[in-house]
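Colleague: after the sequence you'll find the predicted model.
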Amino acid sequence: MSGITKLMKRALRMQQQMELVQAALAQRTVRATKGGGAVKVTAKCDCSLAAIKIERRAFNPRGARLLENMILGAANQAINRAKKISDAEMGKVTAKLSLRGLT
């Protein structure tokens with residue numbers, strides 16, 4: 001079997017594995033909280049936000065800026081956690097593609 005044929009087969013297998021991992025990541029979630037749990041953000045490991053929960057005690061008309069910062073901080077933290085998980089899982093798939101012996 002030629003080197004290019006081997007490479008194409010490996011690439012196809014890797015693509016299939018990546019699609020499976022991406023589907024699994026879209027179902028996996030992480031959570032981040034701010035303000036002692038007053039703001040909770042859930043993100044999917046495909047780096048999309050799934051939910052934002054705000055406790056009643058966080059609603060203070062004079063503290064709108066604080067609430068906004070807590071939401072933003074929790075959202076960024078959740079997305080960063082999701083991205084780390086996604087990168088690690090996708091890295092496992094791409095690490096299997098070896099180009100040794102094909103040249």
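Modeller: Received the coordinates, thanks.
Colleague: CA only for contacts and neighbour counts going forward, please
Modeller: Fine.
Colleague: partner strands of the one helix or strand Thr33 maps to and their direction?
Modeller: Using DSSP states H and E, Thr33 sits within strand 29-34. Strand pairing for strand 29-34, determined by DSSP bridges: strand 39-44 (antiparallel).
Colleague: quick one, the longest helix belonging to the chain and strand 39-44 angle?
Modeller: Counting residues, the longest helix found in the chain (DSSP state H) is helix 64-94. Interaxial angle, helix 64-94 versus strand 39-44 (axes from the mean of the first three to the mean of the last three C-alpha atoms, to 10 degrees): 20 degrees.
Colleague: helices or strands next to helix 64-94 in the packing?
Modeller: helix 3-27, strand 29-34, strand 39-44, strand 49-54 (3 or more C-alpha pairs under 8 Å, 6 or more residues apart in numbering; DSSP states H and E).
Colleague: and the direction of it versus that of helix 3-27, what angle?
Modeller: Going by the same axes, to 10 degrees, helix 64-94 makes 150 degrees with helix 3-27.
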